[in-house]
Structure formats: structure tokens, C-alpha cells
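>>> my questions are about this predicted structure, shown below with the sequence.
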Number of protein chains: 2
Amino acid sequence: METNSAEGCSSGRLCYFVAASQILGLAAVIMTGVWLGHYEGGFAWDGSSHQFNVHPLCMVIGMVFLYGDAILVYRTFKNERKTTVKVLHASIHLIALVAIIVGLVAVFKFHEAQSIPNMYSLHSWCGLSTIILFCLQWVVGLVFFLFPGMSYSLRVSYHPYHMYFGLGLFILAIGTCLTGITEKLLFSISDIYSRFQPEGILANVLGLLLVCFGFVVGYILTRSEWKRPASSEEEALSLHFKTLTEGGSPDSPQSQ
Amino acid sequence: METNSAEGCSSGRLCYFVAASQILGLAAVIMTGVWLGHYEGGFAWDGSSHQFNVHPLCMVIGMVFLYGDAILVYRTFKNERKTTVKVLHASIHLIALVAIIVGLVAVFKFHEAQSIPNMYSLHSWCGLSTIILFCLQWVVGLVFFLFPGMSYSLRVSYHPYHMYFGLGLFILAIGTCLTGITEKLLFSISDIYSRFQPEGILANVLGLLLVCFGFVVGYILTRSEWKRPASSEEEALSLHFKTLTEGGSPDSPQSQ
């Protein structure tokens, strides 16, 4: 099972889709930077709107781009050792979490400095729900999949939920970004937004890019032929577990 | 395969999840009605903001609730005849399309009467993209799955894409609703939104309800044990097709 990472990209058109996801994700990050850096005055840590600008940039980097890439490692490095990929998955999520915390602090500090109330909008409700569930998912995932004491049967039982809620929260993060872009444009350029000015068009295109990134990541994850193959050890364990729990003839095992 | 529809609900906890989806979906429709009917002055067809109110109500009914239910018929009636369920699926989507068209006309007529520009916001970009792709998906689905001339192999090839884009557009519709709620609140109650007034809280809860509806519908659809079982005729056809195309020993057949 220890082959080079290029093999992970050898399943038909997987490479092209992974490349497309990276182009879309990086384009979204760059466009967020251009939007806030060029049209909204840039970045700072001084309680001004420039500090607010740190918030969307960190969220797009952490909650969308890095989150998406953390999910994709099981496809891009599907022939690497499982433990290595698990550590990579958890590590990218951890870096994402750092970006998310910086982004959160930026917006709360900005609100505090400008005496703007917190947590009243749909964007903030969706955002905080996503972040709390993301942290919960990260901790539970760590306990189930990286702590050696967890039994294989519990891992197998929890795995579908981890995958479903992982992808679900990623989508919710993108939905939250769309509400955030809408809010920011209506707060900053409400008088010119309807005149198809460059800033409005750029931010709208950013929203569509985030949606496309979500579509491509979701597509890669849900194609059965691109799933990680079960290792011989995993197959044996799964077979044993299935026989024990169902008492029937075991067939296709879970890959995690 | 012709059993009563109650059997479709016999797979473990499927019934409870379907019931939860209906409660969430109906609650979202009712809350949209209460929001616009009680707090935003009600409904009319006179070019005023009351005509605009028809737009969110129709979109939540058509693009979210009915769309979700149209997807779910393959789980709730999974033991009914395949053709019956297909017709039901297409018919609910058609009713949804009528609601969507009424909702679209309402907002364009309102904009026209009030001289408000069209199609400048991220909400409108996401919304129109979703509706165009929804129509395309409906027509292609009709041609592939209900016209008798289409070959089985083409149906099998297209089916995963139909499912993926169907669910993807449903999620995009919910994301578009979140941006729509955000826009409407910032246009209508921007001066009191941050003071946690009942209208703002109600609309925020509506947004979360739509997200929860999406999560439950997605969960029901992606659980492998709740998938529609392949009929003996479908199994035979699939087996034949698999043998022809792959030249190997056929295993588990597709259900559509």
C-alpha cells in the first residue's frame, strides 16, 4: 500500500477534478484578497473596517479552501498509508481552525471597537453554528480515528456520520460565506451595488466561485470509483467485524 | 414489487427521518408565510412590496419544500412500481416549477413597478443559475428516464449525474434562500435588525430551519441502507449491461 502520491491521482479523471478544485479554491482566496485589499481598503488590526476585512479572508481560507483540501486528501493521497493521510487530514483541519479563530477574533474586535452588536444576523447564526459543529467534529474525529484505544467496531459505526457531517458542514460554510458576501456588499456599497460596479460584480463572482468549489469537491468525494481502496488489513478487520455483528457472510468492507 | 407505500417506510428509522423532514419543511413554509404575512404586510399582486412577498413564499414552497419531497419519493415509496415513482417525482418537480415561475414573475413585476434594477445581487445570480439548471435537469431527466426510447445503458450512465446535480441544486436553492433572507432583512428592517426584534429572530430561525431540512433530506438520500432495492427486471438488465460493457463478473447492480 505504500506507493507514491502520484498514484492517488491515477483513477481516470480524478487528477483533472482535483486540479479544477485547486484552481477554483485558489481563485476564490485571491479574489477575496483583491476585493478586500483593493476595493475595501486593505487589512489591519486596529479596530477599523480594515480589521473586519481580515474576517472574510480568514474564513474563505480556513472554512472553505483548507477545509475542502483536508477532505480531499483521502482521494488525492488514496494510496498512501492510512495513518499518514489521517494525520494530514487532521493537521490541515487544525491549520484551518487557526485561520477561523483569527477570523472570528477580527470580527468581534471590530464590532467591539465600533460598538456594533454581535450575533444578531442570520450570517452570524449560521457561522457560529458551523464553527461549533466543526470543532466538535474535529475533536470527536480525533478521538475515534487517531487515538489508538478506540475499537475498530466503533470507528466503523461512526465513520459514515463523520463523512456526512464533514461534507455537510463544508457546504454550510459555503452557504454562510454567501450570506456574508451579501451582508458586506449591502453594508458597504448599497448605493452603487445595483449599478453593476466592479466591486459588486467581483464579489458576486467570488460567491459563484465558492459554489463551484463546493460542487467540485462534493463531486470528487461522492464518486464511488475514486474512493480509497481498503487495505488488506482493513479488509480482514472489517470482515471479522461484519461476521461478529451480523452473523452473515461478509461482503465489501468499509475503507475506514 | 407492488406493495403498499407503508413498506417504503419500514427500513429502520427511515420513517422518523421522513417525518422530521416534513415537520421541518412545513414549519419553514409556515414561518415564511407568517414572516411575510404578519410582519411584512401580507400578499398582493399590485406591484407593491406585498407582491414581492409572493416571491420568497413561492420559492420556499417550490424550490425547497416540494423539491425536497420530489427527491424523497424514491425513499418514501421505494417499494412502489418504479414507473409510478418516476412519474410522481417528475410531477412534484413540475408543481414546484409552477411555484417557482409565479415567484419569479412576482419579483420581476415588483422590480418593474418600483423601477428597481434586476439581476445585480449575488442572490439573483445564484437564484437564476439554480432555476436554469433545475429546468435543464428536469427536461434531461424526463428524456432519459421517462421516454421509452432511451437505452438502458444511457440511463445507467446518466443516473449518478442526475442524482448528484439534483441534490446539489437543492442545496444551492437553500443557500440562495439564505442570501435572500439576509437581503430582505437588510432592506426592510436594517435599523432594528441588530436589536433582536421578533421579525429578525423569526427570519433567522427560518434560515436555520431550511438548513436543517436540507441536512435531513441529504441524510435520508445518502444512507445506503435506505436506497431503493433493484427489482428483478432491473437486476437482470443491469447484469446484462455490466457483462456487456465490462466483460467481467457482474456484482451488485444499480437500482436505476
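Structure's in. What do you need? Computed from a predicted model, the values in this text were never measured in an experiment. Residues are numbered from 1 along each chain as shown, chains lettered A, B, ... in the order given.
>>> mind giving me the packing neighbours of whatever helix or strand A:A28 lives in?
Per DSSP states H and E: A:A28 is located in helix A:14-34. Applying 3 or more Cβ pairs under 8 Å, 6 or more residues apart in numbering or on different chains; DSSP states H and E, we find helix A:14-34 packed against helix A:54-59, helix A:67-76, helix A:198-222. Heads up, the C-betas are built off the backbone N, CA and C, glycines and all.
>>> quickly check: the longest one near chain B or not.
Which is helix A:198-222. Yes - shown here: helix A:198-222 in contact with chain B (Cβ under 8 Å from any Cβ of the partner chain) through A:G200, A:A203, A:N204, A:G207, A:L208, A:V211, A:F215, A:G218, A:Y219, A:T222.
>>> could those residues be laid out in JSON lines, adding neighbour count and pLDDT?
As requested, these are exported to JSON lines (neighbours: other Cβ atoms under 10 Å in any protein chain shown; pLDDT from 0 to 100):
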{"residue": "A:G200", "neighbour count": "21", "pLDDT": "98"}
{"residue": "A:A203", "neighbour count": "25", "pLDDT": "98"}
{"residue": "A:N204", "neighbour count": "23", "pLDDT": "98"}
{"residue": "A:G207", "neighbour count": "26", "pLDDT": "98"}
{"residue": "A:L208", "neighbour count": "16", "pLDDT": "98"}
{"residue": "A:V211", "neighbour count": "27", "pLDDT": "98"}
{"residue": "A:F215", "neighbour count": "21", "pLDDT": "98"}
{"residue": "A:G218", "neighbour count": "21", "pLDDT": "98"}
{"residue": "A:Y219", "neighbour count": "18", "pLDDT": "97"}
{"residue": "A:T222", "neighbour count": "17", "pLDDT": "94"}
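>>> which positions in the stretch 101-250 of chain A make contact with chain B?
Within the stretch 101-250 of chain A, the positions near chain B by Cβ under 8 Å from any Cβ are A:116-117, A:120-123, A:125-126, A:129, A:160, A:164, A:168, A:171-172, A:174-176, A:178-179, A:181-183, A:185-187, A:193-196, A:200, A:203-204, A:207-208, A:211, A:215, A:218-219, A:222-223.
>>> out of those, which are inside helices?
Among those, the members found in helices (DSSP state H) are A:122-123, A:125-126, A:129, A:160, A:164, A:168, A:171-172, A:174-176, A:178-179, A:181-183, A:185-187, A:200, A:203-204, A:207-208, A:211, A:215, A:218-219, A:222.
>>> narrow the residues of the stretch 101-250 of chain A next to chain B to those that are buried.
In terms of neighbour count (16 or more other Cβ atoms under 10 Å in any protein chain shown), the buried residues within these are A:120-123, A:125-126, A:160, A:168, A:171-172, A:174-176, A:178-179, A:181-183, A:185-186, A:193-194, A:200, A:203-204, A:207-208, A:211, A:215, A:218-219, A:222-223.
>>> which ones are touching the residue nearest to A:G103 when sequence neighbours are not counted?
Closest residue to A:G103 apart from its sequence neighbours, by Cβ to Cβ, 6 or more residues apart in numbering or on different chains: A:C58 at 3.0 Å. Residues in contact with A:C58 (Cβ atoms under 8 Å, 6 or more residues apart in numbering or on different chains) are A:A99, A:I100, A:V102, A:G103, A:A106.
>>> wait, which of those residues is closest to A:S48?
A:A106 (11.0 Å; Cβ to Cβ).
>>> now that closest one: which helix or strand?
Assessed by DSSP H and E, A:A106 sits inside helix A:82-114.
>>> returning to that earlier point: can I get the helices and strands packed on helix A:14-34 in TSV with distance to A:Q137?
Formatted as TSV, those follow (distance: least, Cβ to Cβ, whole Å):
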stretch	distance to A:Q137
helix A:54-59	17
helix A:67-76	11
helix A:198-222	15
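>>> where does pLDDT dip in chain A?
A:1-11, A:231-256 (pLDDT under 70).
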